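Novice: A predicted structure for the sequence below; I have some questions about it.
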Amino acid sequence: MKKIDMSVWPRAEHFKFFLPFNQPYFNVVLDLEIKTLFDFAKTNQLSFTACYLYCLHQAIAGYAPIRYRIVDEQPVEVENIALSTVFLKEDESFRFVPLKNQDGIKAFHQHYEQQKQLHLNKTLINPLFLETAERVEQVYISILPWFKFTGFKHAEHTPISSGIPKIVFGQYQQELGIMPISIEVHHALMDGLHISQFIDVFYQVIADVVAEK
């Protein structure tokens, strides 16, 4: 974790402006054009979900603003992000499954399967969850594969001031090759432009993964 130098950061005034807002988060919902990754997953017999989560992880590692957080009311940049991802059990209750970055998509796919098997068998509130729940080195991920959405609003735990992003994936529309994504970020740390830049990085990661085959 490193402090952001407010004396040279172009968003220093914006940070100070948005920091005291009662509800400083905003979210954007858009359709990801992701057919190439879906075809890649099918061809290589990999979980499509694991593939787009791997690409998301790589994009987060490659784009600093989405790793900005607020600690002691100061902006910082964090590394080694974990995805705190929600998955369903057979009884239709959910569990939080942490996913760490791995060296390559196949290693991530193996990690993804192992973590799901481990954490889906834990209680919802367990010692590991309590230990890691407030860490700023994470991004909150939800997956809603049952429907396409055009808007999204999260449950709120007041106050939440760390700036941890929340990302939600919806149902993949196979006939169109698109999937909705909701990205919620803290306005003191990011603007709409930064979400656009992050999506560009996400697309580039996908293109690189598909090109490797």
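Specialist: Nice, thanks for sending it over.

Novice: so where do the helices sit in the protein?
Specialist: Here the chain has its helices, by DSSP state H, at 12-18, 35-43, 48-62, 105-119, 127-132, 192-212.

Novice: Quickly compare the ones you listed and say which is most buried.
Specialist: Ranked by average neighbour count under the criterion mean count of other C-beta atoms under 10 Å, the helices of the chain are headed by helix 48-62 at a mean of 21. From N, CA and C alone the C-beta is placed, and that goes for glycine too.

Novice: Show me what that helix is packed against.
Specialist: With contacts defined as 3 or more C-beta pairs under 8 Å, 6 or more residues apart in numbering; DSSP states H and E, the packing partners of helix 48-62 are helix 35-43, strand 82-88, helix 105-119, strand 138-143, helix 192-212.

Novice: 6 Å instead, please
Specialist: helix 35-43, helix 105-119, helix 192-212 (3 or more C-beta pairs under 6 Å, 6 or more residues apart in numbering; DSSP states H and E).

Novice: I'd like the ones you listed as TSV, with mean pLDDT and distance to Gln174 appended.
Specialist: Below are the helices and strands packed on helix 48-62 laid out as TSV (pLDDT from 0 to 100; distance: least, C-beta to C-beta, whole Å):
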stretch	mean pLDDT	distance to Gln174
helix 35-43	97	7
helix 105-119	94	21
helix 192-212	96	17
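
Novice: out of those helices, nearest to Phe21?
Specialist: For the helices and strands packed on helix 48-62, proximity to Phe21 was assessed by C-beta to C-beta; helix 192-212 is nearest, at 16.1 Å.

Novice: what sits up against the closest one?
Specialist: Helix 192-212 is contacted by residues 28, 36-37, 40, 55, 58-59, 62-63, 65-66, 105, 183 when judged by C-beta atoms under 6 Å, 6 or more residues apart in numbering.

Novice: Going by distance to Phe15, which of those wins?
Specialist: For the contacts of helix 192-212, the nearest to Phe15 is Pro65 (11.8 Å; C-beta to C-beta).

Novice: you'd agree the closest one is up against Met190?
Specialist: Yes. Counting by C-beta atoms under 6 Å, Pro65 does reach Met190; the two are 5.3 Å apart.

Novice: that older thread, and Phe96, which of the helices and strands packed on helix 48-62 is closest to it?
Specialist: Phe96 lies closest to helix 105-119 among those, at 6.8 Å (C-beta to C-beta).

Novice: Taking helix 192-212 as reference, get the angle to that closest one.
Specialist: 110 degrees (axes from the mean of the first three to the mean of the last three C-alpha atoms, to 10 degrees).

Novice: Helix 105-119 packs against which elements?
Specialist: Helix 105-119 makes packing contacts with helix 48-62, strand 94-100 when contacts are defined by 3+ C-beta pairs under 6 Å, 6+ apart.

Novice: Parallel or antiparallel, which strands does the last one pair with?
Specialist: To tie it back to what came earlier, the one meant is strand 94-100. Applying DSSP bridges, strand 94-100 is found paired with strand 82-88 (antiparallel).

Novice: Same question for the partner strand: list its buried residues.
Specialist: With burial defined by 16 or more other C-beta atoms under 10 Å, the residues of strand 82-88 counted as buried are 82-85, 87.
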